[in-house]
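**Student:** Compute the structure for the input listed below.
(one chain, ligands or ions: 1)
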Amino acid sequence: MNVTEIKNQFPILEQSINGHPLVYLDNAATSQKPKVVIDALETYYRSYNANPHRGVHTLGMKATDAYEEAREKVKTFIHAKEVAEIIFTRGTTTSLNLVAQSYVREFLHEDDEILITEMEHHSNLIPWQQVAKKIGAKLTYIPLSPDGTIDLENVKKSITAKTKFISITHVSNVLGTINPIKEIAELAHKQGAVLCVDAAQSVSHLPVDVQDLNCDFLAFSGHKMMGPTGIGVLYGKKEILEKMPPVEYGGEMIDFVGLYESTWKELPWKFEGGTPIVAGAIGLGAAIDFLGQIGPEAIRLHEEKLTSVALEQLSSIDGISIYGPTNPKQRGGLITFNVDHVHPHDLATVLDSEGIAIRAGHHCCQPLMKWLQVSATARASFSLYNTEEDVTSLVSGIKKAMAFFEDAFV
Ligand code: 7TS
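**Tutor:** Numbers count the residues shown, from 1 in each chain. Below you'll find the model as predicted:
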């Protein structure tokens, strides 16, 4: 499929916004959904909606099979060893909180250290901050290099004999930085620490292989990878998940329940209390099939090219500051920037009037905004359906906004 054929698979992109064809550049917040995903959801609700794992009627069995087939697809997609290692959650945030409330709360103790970075999204910061307070552990930070990358020498220096747990984003949702996860995993394991990876911004943009990365946990959201909202994944190595206690107790996750004692199902269901997110998982499965038709390497090449063109054009405009590494090979498909004398919210409003959707604000990264010494930024983020014309529209929209605000202040 070429980019036009890909774009044609997304009904939402056919519309005009404020009299202009929609240019959707807020993919880091959520991606749009291809027809196959929308159809899979509709077919499920129209023809085999049922509560899986309960009862033995035909619809229930069909729903159970589809739910478990989606798990198999996720396993293959991230190259996990077993389906037991794939837990369905509501999204990245829920996955990370599960690790905090189960693994960290159970296995870390007073004075142990949890190591993260200042580029983390709030969802990969607050769960550790809060659980650390509860158990008396210490939260420590790997310092960032001036260009917004992580130097492995600084990782080595930050890991101490007390470091028991490290959590780090694969791709920063603000700086775009692709972090050296494989190398960090090696350093973590040398010290006997466990490595958790926030893959919210990487799974549908780069090839992600959990066995190659050798991370212990990996968290991501369905809605950022062409799937529906309300579904996400926590991958964990089986030997670690097996010793972790459940966090959500109730229906579906039990084996035997007595008045005073209960036992749990085996993996992965031990962590999936309540009626499963069936529609979400089925939609995610369809999204994975769709992404698989294009292939992670082709997606990466396409987004890298768009980023490279956008970086070149934006950096040639006076008055624009771009954050994060300058080399497109070191970054994912997003560009965060500021325009002199134009607040990012004003910029986003002007661009919206041109049909261009970007994000403005702190992007759920307040500590990183402090590190960058800004209160907010603008961000354009790409996906497989974006074109070089979209980049051209963005650049001319920004120039228009700059001219508008310049005139407003003279
Ligand atoms: N981690 C990273 C790196 C993210 O970018 C996000 C969402 C999350 C975690 C949380 O994902 P959720 O699906 O559980 O909400 N990032 C963004 C963003 O950059 N703009 O809107 C949401």
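**Student:** When you work out contacts or count neighbours from here on, use the C-alpha atoms and nothing else.
**Tutor:** OK.
**Student:** The ligand contacts on the chain?
**Tutor:** 28-29, 91-93, 121, 123, 169, 172-173, 198, 200-201, 221, 363 (C-alpha under 6 Å from any ligand atom).
**Student:** Isn't Gly192 up against Lys164?
**Tutor:** Yes - using C-alpha atoms under 8 Å, Gly192 makes contact with Lys164 at a distance of 6.8 Å.
**Student:** More neighbours: those two, which one.
**Tutor:** Neighbour tally, Gly192 and Lys164, criterion other C-alpha atoms under 10 Å: the higher count belongs to Lys164, 23 against 14.
**Student:** Can you pull the poorly scored residue ranges out of the chain?
**Tutor:** The chain contains residues with pLDDT under 70 at 55, 408-410.
**Student:** tell me, what residue is most central in it?
**Tutor:** Computing the C-alpha centroid of the chain and ranking residues by C-alpha atoms, centre = their mean puts Ala200 first, at 0.9 Å.
**Student:** Can you name the residues that contact that one?
**Tutor:** Neighbouring residues of Ala200 by C-alpha atoms under 8 Å, 6 or more residues apart in numbering: Thr92, His170, Val171, Ala219, Phe220, Ser221, Lys224.
**Student:** By proximity to the ligand, which residue of the stretch 201-350 of the chain wins?
**Tutor:** Ser221 (4.8 Å; C-alpha to the nearest ligand atom).
**Student:** in the sheet, who's paired with that residue?
**Tutor:** Counting by DSSP bridges, Ser221 is bridged to Gly232.
**Student:** What subset of the residues of the chain next to the ligand is buried?
**Tutor:** Buried members of the residues of the chain next to the ligand, scored by 16 or more other C-alpha atoms under 10 Å, are 28, 91-93, 121, 123, 169, 172-173, 198, 200-201, 221, 363.
**Student:** Switch the contacts of Ala200 over to CSV; also include secondary structure.
**Tutor:** As requested, the contacts of Ala200 are exported to CSV (DSSP: H, G, I helix; E, B strand; the rest coil):
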residue, secondary structure
Thr92, helix
His170, coil
Val171, strand
Ala219, strand
Phe220, strand
Ser221, strand
Lys224, helix
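**Student:** out of these, which is most surrounded?
**Tutor:** Ser221 leads the contacts of Ala200 on contacts (other C-alpha under 10 Å) with 31 neighbours.
**Student:** Any idea how far stretch 223-234 is from the middle of the chain?
**Tutor:** How far stretch 223-234 lies from its chain's middle: 9 Å, per C-alpha atoms, centre = their mean, to the nearest Å.
**Student:** Next, count neighbours for Arg46.
**Tutor:** Arg46 - counted by other C-alpha under 10 Å - has 9 other residues nearby.
**Student:** can you pull the contacts of the closest residue in space to Leu59 that isn't next to it in sequence?
**Tutor:** Among residues not flanking Leu59 along the chain, Tyr48 sits closest, at 5.1 Å (C-alpha to C-alpha, 6 or more residues apart in numbering). By C-alpha under 8 Å, 6+ apart, Tyr48 lies in contact with Leu59, Gly60, Lys62, Ala63.
**Student:** need the residues you listed in TSV with neighbour count and secondary structure, can you?
**Tutor:** Listed next are the contacts of Tyr48 as TSV, based on neighbours: other C-alpha atoms under 10 Å; DSSP: H, G, I helix; E, B strand; the rest coil:
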residue	neighbour count	secondary structure
Leu59	16	helix
Gly60	18	helix
Lys62	18	helix
Ala63	22	helix
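**Student:** now, among the residues you listed, which is nearest to the ligand?
**Tutor:** Ala63 (24.4 Å).
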